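> Have a look at this prediction, sequence included:
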Amino acid sequence: MSLKSIAAALSLTTMCAVSAHAENAAPLAFADRLAQARSSLTVRPEGFSGPGAAILADAVNASRYVLIGESHFSREIPAFTTNVCRLMAPGGLTAMAVETGPEAAVAVNARLRAPDREQQIADFLTTHPDVMAFLNSRAEGQTAADCAAVAGPDFRLWGLDQEFLGVSGYLFEQMLAANPGPLARAQIEALARQERTAVQAALASGSPMDLFLLTATDATLDAAGTAIDKDGGERAKALFAALRETRAIYQASQSGRGDPNGRRARLMKRTLAAHLAEAPQARVLMKFGAYHLYKGYNPLGQRDVGNFVAEHADGEGVQAVNMIVVGAKGVEAGYNGVSRPMKVYDFDATTGKGSDWRKDVMSARPADTAPGDWILVDLRRLRSKDMDALTPEWRELIRGYDFAIVAPTLSPSTKLGADAAP
């Protein structure tokens, strides 16, 4: 046997031995793998720092689409988002797509750079109770303004969702401002009168079920639609179609019939696709509730807008990064009725017997981590062939997101606009 043949045989033997050792070596326990994938992240008004900052910055800088799936109405996650805007701005930031209606986003854009922005939006919300979701938060409004400031004059909010429950009156105002013909105008003015009566009832009761969107009859809307189709003009027809689509989604959700989540997801995809067709090179930050931004199927069994963006990025040959940003404990806030103060409640994911991935993350937090530091988990490092041994929640998370980021504590934002007396 030649020296070359002997050397080749020895090399092959060595490779086989290494391979056999790797196959026989016991895989790391998930807790150990989680510890290897996590980093501490300091979040301050001036930016990110700590070991996780460079990992996050690299992923953001490499991506055209940056997606933040969140738990709503905190102060801390909007502040986190502002820092992401600062990372994106030097490489271009076209828009922030948000979980609110397109017309509500237009109204906020019109006031976004005003010196008295907050007061203008508060007045708008007082005039039109429950006209928008999420952007009625003081913290969300500040983040939108901060992102606009660092991104430049062409930055816009893109509202992708259906409009909110109290939007009808504002839409009627916009229809009338579009100068419809006499048939349509008469019908729209009649609807506007009914809407004002419904708002007063909803303010007194606090129930969104008393708002025009859910009290109007199909016959009334059909008659108005016929007139608007005749001489309303394209703008009025588009606004009326948005009203009816919003109503259909809420009615399906209320009745439990149909597919409201799927219909809503498809609406958001169509709206985003229209924006991207107009601005094909847009670099976009997206901020939605966490379920909306999973890649693949989300826990509700939907392929939502997060999956749409991931596939769209693949088709373009560009990068997208999906991150879920939540809190370990603190105080959360939620909707509590028409023009009512937010409902707040304590939560703590680190206690209890149930399965919660946040509990696992906080258990992996090193003892010497600063109390205010967040934890970043690079979920890409946890993708492997042996994921069947994990809990269903962890499998969904690892496949659906690239990063999981946990704030140690969340606190609730406050609302803009006047609250009605209960």
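Good, I have the coordinates.
> how about stretch 109-128: buried residues?
When neighbours are counted by 16 or more other C-beta atoms under 10 Å, the buried residues of stretch 109-128 are found to be N109, R111, L112, R117, Q120, I121, A122, F124, L125, H128. Just so you know, the C-beta spots here come from the backbone N, C-alpha and C atoms, and that holds for glycine as well.
> wait, stretch 306-325
Within stretch 306-325, the residues that qualify as buried are 306-310, 312-313, 319-325, counting by 16+ other C-beta under 10 Å.
> And stretch 385-399, by the same measure?
For stretch 385-399, the neighbour count (16+ other C-beta under 10 Å) marks L390, W394, E396, L397, I398 as buried.
> before we move on, what about stretch 401-410?
With burial defined by 16+ other C-beta under 10 Å, the residues of stretch 401-410 counted as buried are Y401, D402, F403, A404, I405, V406, A407, P408, L410.
> Give me the distance between the two termini of that stretch.
Counting by C-alpha to C-alpha, to the nearest Å, you get 21 Å between the two ends of stretch 401-410.
> go on, stretch 337-356?
For stretch 337-356, the separation between the terminal residues is 29 Å (C-alpha to C-alpha).
> One more: stretch 148-164?
Counting by C-alpha to C-alpha, the length from the leading to the trailing residue of stretch 148-164 is 23 Å.
> any idea how far it is from the chain center?
Here the centre of mass of C-alpha atoms in stretch 148-164, compared against the chain's by C-alpha atoms, centre = their mean, to the nearest Å, lies 13 Å away.
> do the same with stretch 127-137
Distance of stretch 127-137 from its chain centroid, counting by C-alpha atoms, centre = their mean, is 16 Å.
> List the buried residues for it?
Neighbour-count burial for stretch 127-137 flags H128, P129, D130, V131, M132, A133, F134, L135, N136, S137 (criterion: 16+ other C-beta under 10 Å).
> just checking, the last one touches I77?
No. The pair S137 and I77 does not pass the contact test of C-beta atoms under 8 Å, sitting 10.4 Å apart.
> I'd say V60 and V66 touch.
Yes. Under the contact definition of C-beta under 8 Å, V60 touches V66, with a separation of 5.5 Å.
> Give the intersection of the neighbour lists for the two.
Counting by C-beta atoms under 8 Å, 6 or more residues apart in numbering, the residues touching both V60 and V66 are V84, M88, V321.
> Restricted to helices, list these.
Counting by DSSP state H, the part of the shared contacts of V60 and V66 found in helices is V84, M88.
> Which of the helices or strands spans D360?
When secondary structure is defined by DSSP states H and E, D360 falls within helix 357-363.
> now that helix: mean pLDDT?
Averaged across helix 357-363, the pLDDT comes to 94.
> repeat for stretch 369-376
95.
> got the buried residues for it?
Neighbour-count burial for stretch 369-376 flags D373, W374, I375, L376 (criterion: 16+ other C-beta under 10 Å).
> Would you confirm that the second one contacts V43?
Pointing back at W374 there. Yes. The pair W374 and V43 passes the contact test of C-beta under 8 Å, sitting 5.6 Å apart.
> Could you name every residue contacting both of the two?
F80, A407.
> contacting residues for V377?
Applying C-beta under 8 Å, 6+ apart to V377 gives the contacts L34, A37, R38, V361, F403, A404, I405, V406.
> where do the strands sit along the stretch 1-150 of the chain?
If DSSP state E, counting those that start in this stretch is used as the criterion, the strands of the stretch 1-150 of the chain fall at 38-44, 47-49, 65-70, 95-98.
> would you turn those strands into JSON lines with mean pLDDT?
As requested, the strands of the stretch 1-150 of the chain are arranged in JSON lines below (pLDDT from 0 to 100):
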{"stretch": "strand 38-44", "mean pLDDT": "96"}
{"stretch": "strand 47-49", "mean pLDDT": "97"}
{"stretch": "strand 65-70", "mean pLDDT": "98"}
{"stretch": "strand 95-98", "mean pLDDT": "98"}
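> of V60 and V66, who's got more company?
Between V60 and V66, counting by other C-beta atoms under 10 Å, V66 is the more crowded of the two (28 against 22).
> partners of that one in the sheet?
With DSSP bridges applied, the residues forming beta bridges to V66 are L285, V321.
> is it true that it touches K287?
No. V66 lies out of contact with K287 (C-beta under 8 Å); the separation is 9.3 Å.
> could you pull out the helices for the stretch 151-300 of the chain?
Counting by DSSP state H, counting those that start in this stretch, one finds helices in the stretch 151-300 of the chain at the ranges 168-177, 182-205, 212-215, 218-231, 234-255, 260-278.
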